[in-house]
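Undergrad: What follows is a predicted structure for the sequence shown.
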Amino acid sequence: MKYLLVIDMQNDFITGSLGTKEAEQIVDGVCKKIEACKKEGYHILATRDTHFENEDSEESRRYFSTQEGKKLPVLHCVKGTKGWEIEEHVQDKLGDARIFDKFTFGSEELVAYMKEKKPDAIELVGLCTDICVVSNAIMLKAALPEIPIRVYKNCCAGVTPNSHEAALMTMSMCQIELMEE
């Protein structure tokens, strides 16, 4: 059983508060990758970065009180906003795929799910290469060291082109395969 993980392809990372032209440029490639994997019988999963705006909220993870919020004081991916939603073309391709909301860079829930499923291979695409893609890929490799983990580098974008390349090098050093679509 093979899985494609679509990491944080959300409006705020593409055209919103933290968007980049590099992120905009991978949308079509990510959509094509989802389509191709569906045809090959892959299971498709996605993650969604999730934060909360209201400091008076009962939620325990209020963005500006987290380490991330203190180091990156740009409100983004606030649950229920347009920026939090997955980009519409990507969402159309995902269909009813399971989405893991995550409050940190990597998803412990996703890793636990993958450990339970015992996949033959895991492939990743998405945003941002240098934050959430690398975090999830390394967490998965640590939890499932004998399972091939592959990242499609041309279906990922980083905060900057240089940090994208640095993350790819880091993943390569951790025995994560770098692929091109």
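TA: The structure has been received and is ready for your questions.
Undergrad: Report the contact partners of residue 125.
TA: 4-7, 9, 26, 29-30, 33, 133, 151-152, 155-156 (C-beta atoms under 8 Å, 6 or more residues apart in numbering). In this view, the C-beta of every residue, glycine as well, is placed from N, C-alpha and C.
Undergrad: all strands for the protein, in order.
TA: Applying DSSP state E to the chain gives strands spanning 2-7, 43-49, 98-102, 121-127, 149-157, 177-179.
Undergrad: Export those to a markdown table and append columns for distance to residue 73.
TA: Shown next, in a markdown table, are those (distance: least, C-beta to C-beta, whole Å):
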| stretch | distance to residue 73 |
| --- | --- |
| strand 2-7 | 23 |
| strand 43-49 | 16 |
| strand 98-102 | 20 |
| strand 121-127 | 19 |
| strand 149-157 | 22 |
| strand 177-179 | 32 |
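Undergrad: For those strands, give me a markdown table that also has mean pLDDT and distance to residue 71.
TA: Below are the strands of the chain laid out as a markdown table (pLDDT from 0 to 100; distance: least, C-beta to C-beta, whole Å):
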| stretch | mean pLDDT | distance to residue 71 |
| --- | --- | --- |
| strand 2-7 | 98 | 20 |
| strand 43-49 | 98 | 15 |
| strand 98-102 | 97 | 17 |
| strand 121-127 | 98 | 18 |
| strand 149-157 | 98 | 20 |
| strand 177-179 | 98 | 27 |
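Undergrad: Can you say which of the ones you listed is nearest to residue 37?
TA: With C-beta to C-beta as the measure, strand 2-7 is the member of the strands of the chain nearest residue 37 (4.3 Å).
Undergrad: Taking their axis directions, that closest one and strand 149-157 sit at what angle?
TA: 30 degrees (axes from the mean of the first three to the mean of the last three C-alpha atoms, to 10 degrees).
Undergrad: helices or strands up against strand 2-7?
TA: Under the contact definition 3 or more C-beta pairs under 8 Å, 6 or more residues apart in numbering; DSSP states H and E, strand 2-7 sits against helix 21-39, strand 43-49, helix 108-117, strand 121-127.
Undergrad: Could you dump these into a markdown table and include distance to residue 140?
TA: Output for the helices and strands packed on strand 2-7, formatted as a markdown table (distance: least, C-beta to C-beta, whole Å):
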| stretch | distance to residue 140 |
| --- | --- |
| helix 21-39 | 17 |
| strand 43-49 | 11 |
| helix 108-117 | 6 |
| strand 121-127 | 6 |
